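1. Fold the following for me, if possible:
(chains A, B, C, D and E)
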Amino acid sequence: MIPLVYFIFLSAFLFCVGIYGALTRRNVIGILVSIELILNAANINLVAFNKYLGTPDGMGQVFSLFVIAIAAAASVVGLILIIAIYRDRKALFTDGFTLMKE
Amino acid sequence: MGDFVFYFIALCTCVFSVLAVTQRDIFHCALWLALTLMSISGVYFYLDAAFLGVVQILVYVGGIITLFIFAIKLTAHMNDTSIRQTSKQWVISVFVTLLLLLVLFKVFARTSWAEIILKTDSTSINQIGLSLMTHYALPFEFMSVILLAAMVGAIVIGKEKK
Amino acid sequence: MSIQFLFPELFLFAMALWVLFGSAFPSLRKISDFFATLGILGALLILPLTTNSSTVAFFDLLINDPISYFFRFLILLASVLIIFLSSGDKRIEEEHKGEYFFFILSLTVSLMLAVSSRSLLMVYITVEAVSIISYILIGYFRNDKFSSEAGLKYFLFGALSTGIMLYGVSLIYGLCGSLDLNMIANLAQGGHVFLPAFILAVVFILVGLAFKCSLVPFHMVAPDAYQGAPTAVSAFLSIGPKAMGFALLIRLFLTNQTPLIPQWTTLASGLAIITMIIGNIIALKQTNVKRMLAYSSIAHAGFMLMALSVVHQVGIQALLVYLFIYVFMNVGAFGCVILTNREEVDDYAGLSRQNPLAALIMATSLLSLAGLPPLAGFMAKFVVIAAVIQAKSYTLALIAVANSVVALFYYLRIIKVMYLSKNDCIKPINCSPVLILVLIVTVIANILLGLWPQGIMHIITLP
Amino acid sequence: MIPLLSSIIFLPLVGVLLVALTPSRLDKCIKYTGLLITGLGLLLSIYLVMCFDKTKSSMQFVEYCPWLTGLNISYHLGVDGLSLALIFLTALLGFIACLASLNIQEKVKEYFIFYFLLMVGMFGTFMALDLMLFYIFWETVLIPMYFLIGIWGGPRREYAAVKFFLYTLAGSVLMLLSILTVYFLAQPHTFDILKLSSVGFDPHWQMVLFLGFFVAFAVKVPLFPFHTWLPDAHVEAPTPVSVLLAGVLLKMGGYGIFRICLPFFKDAAHNLAPALAIFAVINIVYGACVAMAQTDFKKMVAYSSVSHMGFVILGVAALNSTGFNGAVLEMFNHGIITGGMFLMVGVLYDRAHTRDLSQFGGLSSSMPFYAFCLTFLSLASLGLPGLSGFVGEFLSLVGAFGHYPWLVVLAAIGLIVGVAYFLYMLQRVLLGTLNPKCVSYGDMTALDLISVVPLIIITFIVGFYPQIVLTFQQVTINGIAHLF
Amino acid sequence: MNIAHYIPLFPFLAFVINIFMGRRLKVASAYVSIAACVLAFIFSLLVFQGFSAGQGSYSLGTWLVINGKSLNFGVIVDPLTIMMLLIVTFIGCFILIYSIGYMHDDPRFSRYFAYISLFMSSMLGLVLADNFILLLIFWEGVGLCSYLLIAFWYERPAAAAAGLKAFITTRIGDTGFLVGILILFFACGTFHFTDLKSVTGPESLLTLAAILIFTGAMGKSAQFPLHVWLPDAMEGPTAVSALIHAATMVAAGVYLVARCFPLFSAHPMALQTVAVIGGISALMAATIATVNNDIKRVLAYSTISQLGLMMLGLGVGGLSAGTFHLMTHAFFKALLFLCAGSVIHAVGTQDIQKMGGLLSKMKITGATFCIGTLALAGVPPFAGFWSKDEILLTAWNNHHPILFVVALLTSFLTAFYMARLIFLVLFGSARSQLHAHESPLTMTIPLMVLSVFAAFAGFIGAPIKEVGMEAHGGSFLIMAISTVVSLTGLGLAYLLYIRRIVLIPVSSVSGLHNLLVNKYYIDEIYDYVLIKPCLRLCQGSFVFDAKIVDGLVNAMASITQFFSGLLRKTQTGLIQNYLFVQILSLVLLLIWLLKI
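-> Residues are numbered from 1 along each chain as shown, chains lettered A, B, ... in the order given. Below you'll find the predicted structure:
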């Protein structure tokens, strides 16, 4: 039987990959991809805990359902903002967006 | 035998996620992300969360990834891979992420997680449906507000300039 | 199932839908702000009815105690002020006015739910809802490159922070087996939880909340967002989500007056000190007024966190008083930026000659933000410092007080330009009657709360 | 009977309303309402002085009502010997400065609004018996003074106004901390000054809190290291504002020391008295030396008031009834004399539009009345015995001589430099051949005379028979002196 | 009944009238002042008559309460006071009459008389005060009037500078005086003169107090270190010099020492310093006077020298000798100044080298001038001889040989330079064509009256003389020596300036001559040692204040601005940096909290 710790390590690894992606990708959509990874890492955690802790009403799974829904909404808004900026300035790289600084 | 399946799925998830993040061509990244999500749904199946696995594939891979691809295609001409994809600070980011990973692993390794209680009845689908409708009715209803707001927002911002 | 507790939110959301529906017809769109105000006022009327219902609602996902009642009242008050503010802003007119007010109302609904949530599930969902709606609102003027860039930046930063927060929530779920805040608090104080992992998880959640209250290490995007966003939105950002952030900090860290993690006081005072110092010092040389007000709101966030670092009943009461007065000060300041639609400090040259009323409003709000006695800002500052000294953390009080002197300098800079400088900068002033009315209300509130703050002071009793 | 103290404080607020309602083009009638209000304030304060009972040592005309019950701050007013003279001084100088501000030309309406707010702040500070009320009135003085200096001031007014504001605020912010610490240290937590006077704080805290309060007061009484705001503020402020600034604002610091620092922290006062004396003498000698080197008339008078306020601190450092009597009397006299001096500077500035002393010469032939008043006030200011300046300084010197003979000798030598720079100024302005530029200056108008002559009369009377003022404060001062 | 305290009120009243109604009164203001002065004189006589009938000093009321002891107004009436009252009022009247003539064409005629009356009232007040503080008040009042009168013709910058110098020098003395009073008060707890007899306290402290009080007297009576202001004070009108810088004010110092004589006599060391200082200033001033060419400055130095002599007289223990010389000196010095005034009034210049042979043209002035000179030189029948002899006698009896020789030398030199003055001004041939005419009657009558007193004051002084109850007999030897010395002085001057015989070649004494002409370079030394460094110190402190103290404040402001600029740079606008900072701070927070 797989001990719970492995799942947590897996989710931690995914979380760190997501963080790494967010910090290094210059393409904005790349950052979005990494954020999706972070959310999924959290989902794995939730589902794993739901199974191993045996909560009666399946809170973990229900929670991850909600997370998926919210991730959908968030990425819709995110992408539309990206497209709006792209249509306006034809630039998708983060170092293009330094209008407001200092 | 079950363990081998898990190890295989976990390995796929890790490899695909690393690839999804480090690929030069953004379109390939999206595809690798899709593969990562599918392997994660495999993990869900392994964890007796069948419903969640299906939802993951249908909503996440089917819905959100397609959204990504739409976005990538809309901003097509920007995808020539010649432009450097990683930001100037990637060296330090690697170091920080590894540090974070080290901290997480160190702490999780030491925490005494609840012992394995092999439960027979995994939370079945109607259990989820029941709790959604009773215990978690409020968040469920509230999700409608968020989705509505997201849609209206997308329309408002996405509309062509008059 | 006490649905009665949710009547204000339901009514508000109903009006939000009506406003959305109304935005389809040009005639209704024009008076959508009227409907929005109606919705808020209706919610305000219904709110007192909810006090007698049971303390816990919806399978103990929500809690109905004085703190949640105060915060819901505060958020409704803030949003009605913001609605008046937005109706003064010409650029919102041509943009989608109806949808704009729909978003404002739905943001208010999510804030009200957030402040009265007792389970981390509800906390995450409502924080995510607030974030999504504020991404849209910030990027609302889609053809203005400032607004869309601010929206995107805020989105990326927000998404990452809420992602980290979610990861923290999942870990807490793993460690404590339940998401109910009281349960977690009892477990933590009882010591049944494995501390290092628990602290790690709590810190992850703190990142999400700190982003909302714009505390220093996690504040980086706030100035850009405030500068880029429509002024009414940045005003709301500096009040609504910030109040929610602090409400959640109280819920999470200070349930029944004992800190969740032992190092809470050092952590909170450390963050508070850095926030105040960096917030004030960077604000010194700002040339853009909105950006300067962003840094000033960061500094004030540091001040409020300082009140929380006092683990005592009087600390929380001080924070509530501070927030209540802070709403009026900020609305006044941002309102003047809308009234005069000038963003650079130098544009304010000689304003006292062109429009003495606007100059008076701006001067009163700024002096109140600086915390000078006859005005309300002083009462707020006094109450917090009293709480801090009551907890014997003198160095913290000393730093806070030194910061208020530095803060005065950049507030005076604008007043100096308005009143003392000779050269004038002529720009048209859009004086919509509603906007001036709300600004006069804030000025009166600033003066009245300074001299006769009985209304708000019954909350706090110094030991 | 009517709450006398509150009416004195809030009479100017009525003035603010009246002025706010009158349209700004009728500046004539705004000025007359100004005169009316400050005149009424003066009459009220004279009535207060008349029915003040000299023998009672406790507070009189006490008004108490709980203001913020949650924070147990109470609206508590009272007058005793110490604050009576200063309240009368404020009312008098307020009226005279109002007379002098009749020739303010631009933005008269805002001017009088800030002027009345300033009066409220000043009256309140001297009457408040609740620490927080004292602090609130202490800070309300800042905003109007900032605008008065900032808008109607001279060329470098912005710098001077900001410097004044930040300097005083930095000091008073420390005071806020000390007030709160005192609040929490006193067992039945209270802000009431009278109750706190009887609370014995432990020595370690006394030292810290004494310094906390003292820094705020030292900034206001410009004590040596914190005095650099005074010359700038004075040089840039318009004449009536600098009359009030020198006449009253400097006294708030001295008053604070007597009302708060001494009764609360007796042991700390004992230990710090020598340091106080040293700083006082530095103030006297240093102020006099720098004044000697000035070419700007107003800056010289500003530094001279730095020197005179040094005597107040010397009197405080004496820690006996003579020293205290000297300090309080010196505050009253200095207010009158320096107020008059600044009026004189203002009269000259209105005619010459410059304050550079080298531009004048031989004025006493073209302006005899001006010469007489300026000479009289300068002599009083340099401490000529027989005029009020000398009495205050003499009592402080006698009081301090018991404990620090060498410092008093140094202070006396400082006085010589004082005589030198005042006479050198008189020589440059009044004596010598008539400067061709100053031929056209007319003598003092009736308005100037009305505002200066009462000050001269008071200086002469107090100088000749100081018991008039001393009897009022005798009982209170003995009360404070008994603590040491 | 006590009327003494009304005496100073009359002149004060005259002052008030002249100041406020001066414009309209014009010439009448002189008569107001004279009337006040005459009334004061009559009241002084009444007080004198009352005193002999037994009324003493009395108190009016408490003025201040210091350290628990009440200090009250008071009037002291004793022989010394009466003498001073009579001198001041008597000489004052005549000088006022003289001034009508002297100042008749001055635009500020009424203000002059106002200032003179103010001076009279403060001088009378000074003499009547019964405690140190009240004395100090009138003391400074007198200093103020001397300042106003010296700088009366303020159009002349020299006059303004002289006034300033006078006030500051006297003020330096007064500071010493104030410190002395404080020490005295703390040593024996009293300000009143009456308790000075029974004063007890630490020896060294009281000596120090006495010496410091003497510094006040030095300042006012222009003794050695603080004498520099008197010669410059000649810038004022001559009538002023006559009243203030000859008869009354400068005598105040001597009066003070006389008043505190019990204190001084109890401490020989203090008395010794008084005598020595007196001797030095007497000798020094006399030597300078011998070479000075300005008629008024010669008289000024002669006043310093005579005051030195009085101080010497007091210093050797001769209270009556000092005061007697004070009384006689007041008469003939006032006379000399008035004569000099009428000479200047007639001739227009003060340089005696340009004058000569005026006796023939100005009969009365010349005659009175000679009488005054003889009195001053100490020729037997005249007043000067008696009082100077008194001093020599006490010096000899109290075994002060050096001081005796100094006094003799001074009287020799006095005789010499006064004779030189007369011979250069009155006798010989006119050295430049000056049209001299006799002064009007208003000026000559006072001259004649004063010359009478100058001649016979020695005798009428008898009733006041027993003040000190000194033995009179057995001093013929001293009288003989002093007469011989005076006559040789006169003779030597006669040889030098009438006969023009060159006794000693000028070249050999040219060094000494230059030294004396430049007044021992004292002014330059003071300027170099005191005034310049003080001004430099003030300039330095101003620069220190503007640069250091102010600099520090501005530096703090600019430091915060600098940091603000620095921190502002951290907001690069790049979203990447923001995310990185967030994650970094998260990691650091974890490490700090978990202490890994």
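2. what about the residue of chain B found nearest chain E, neighbour count?
-> Using CB to the nearest CB, the closest approach of chain B to chain E is made by residue B:87 at 4.5 Å. C-beta here means a position set from N, CA and C on the backbone, and glycine is covered the same way. Each residue near residue B:87 was counted by other CB atoms under 10 Å in any protein chain shown, and the total is 23.
3. ok, and the closest non-adjacent residue to it?
-> residue E:576 (4.5 Å; CB to CB, 6 or more residues apart in numbering or on different chains).
4. In contact with the one you found, which residues?
-> Going by CB atoms under 8 Å, 6 or more residues apart in numbering or on different chains, residue E:576 touches A:23, A:26, A:94, A:95, B:87, B:89.
5. can you pull the contacts of the spatially most central residue of chain B?
-> Central residue of chain B (CA atoms, centre = their mean): residue B:37, 5.6 Å from the mean position. Counting by CB under 8 Å, 6+ apart, residue B:37 touches A:36, A:40, B:56, B:57, B:60, B:61, B:65.
6. tell me the secondary structure for it?
-> helix (DSSP: H, G, I helix; E, B strand; the rest coil).
7. likewise the one 5 residues further on?
-> Going by three-state DSSP, the secondary structure assigned to residue B:42 is helix.
8. correct me, but it touches residue B:7?
-> No: Residue B:42 is beyond contact range of residue B:7, at 11.7 Å (criterion: CB atoms under 8 Å).
9. So between the two, which is more surrounded?
-> With neighbours defined as other CB under 10 Å, residue B:42 and residue B:7 compare such that residue B:42 has more, 20 against 12.
10. Report the contact partners of residue E:27.
-> E:100, E:104, E:109.
11. so what's the backbone phi/psi at it?
-> phi -70, psi -30 (degrees, to the nearest 10).
12. circling back: lowest-confidence entry in the contacts of residue E:27?
-> Among the contacts of residue E:27, residue E:104 has the lowest pLDDT, at 80.
13. tell me which of the contacts of residue E:27 is nearest to chain B?
-> Nearest member of these to chain B, counting by CB to the nearest CB, is residue E:109, at 93.3 Å.
14. mind listing what the closest residue to that closest one other than its chain neighbours touches?
-> What sits nearest to residue E:109 in space, not counting adjacent residues and going by CB to CB, 6+ apart, is residue E:103, at 5.9 Å. Residues counted as contacts of residue E:103 (CB under 8 Å, 6+ apart) are E:109, E:112, E:237, E:239.
15. Is it correct that the third one is in contact with residue E:153?
-> Yes: using CB under 8 Å, residue E:237 makes contact with residue E:153 at a distance of 7.5 Å.
16. Number of residues surrounding the residue in chain C that chain B sits nearest to?
-> Taking CB to the nearest CB, chain B has its nearest neighbour within chain C at residue C:136, 3.5 Å off. Applying other CB under 10 Å, we find 26 residues neighbouring residue C:136.
17. Not counting residues beside it along the chain, what's closest to it?
-> Per CB to CB, 6+ apart, closest to residue C:136 is residue B:153, 3.5 Å.
18. Figure out how far the helix or strand harbouring residue D:419 is from the centre of its chain.
-> If you go by DSSP states H and E, residue D:419 is part of helix D:405-429. Distance of helix D:405-429 from its chain centroid, counting by CA atoms, centre = their mean, to the nearest Å, is 21 Å.
19. can you check stretch E:5-20 too?
-> That offset, for stretch E:5-20, works out to 23 Å (CA atoms, centre = their mean).
20. Measure how buried the residue of chain B found nearest chain C is and give me the count.
-> Taking CB to the nearest CB, chain C has its nearest neighbour within chain B at residue B:153, 3.5 Å off. By other CB under 10 Å, the residues close to residue B:153 number 27.
21. On the pLDDT front, check it for me.
-> On the pLDDT scale, residue B:153 is placed at 92.
22. ok, now the one 4 residues further on?
-> According to the model's per-residue confidence, residue B:157 sits at a pLDDT of 88.
23. Also residue C:237?
-> Residue C:237 is given a pLDDT of 92.
24. just residue B:162 next, same as before
-> pLDDT, residue B:162: 59.
25. before we move on, the earlier item: just among the contacts of residue E:576, which is most surrounded?
-> In the contacts of residue E:576, the most neighbours by other CB under 10 Å go to residue A:23, 26 neighbours.
26. Give me the phi and psi angles of it.
-> Here residue A:23 shows phi and psi, under degrees, to the nearest 10, equal to phi -70, psi -30.
27. Can you classify the closest residue to it other than its chain neighbours by secondary structure?
-> Spatial nearest neighbour of residue A:23, excluding adjacent residues (CB to CB, 6+ apart): residue B:93 at 3.7 Å. At residue B:93, secondary structure determined by three-state DSSP is helix.
28. Quick check, residue D:385 in contact with residue E:139.
-> Yes: counting by CB under 8 Å, residue D:385 touches residue E:139, with 7.4 Å between them.
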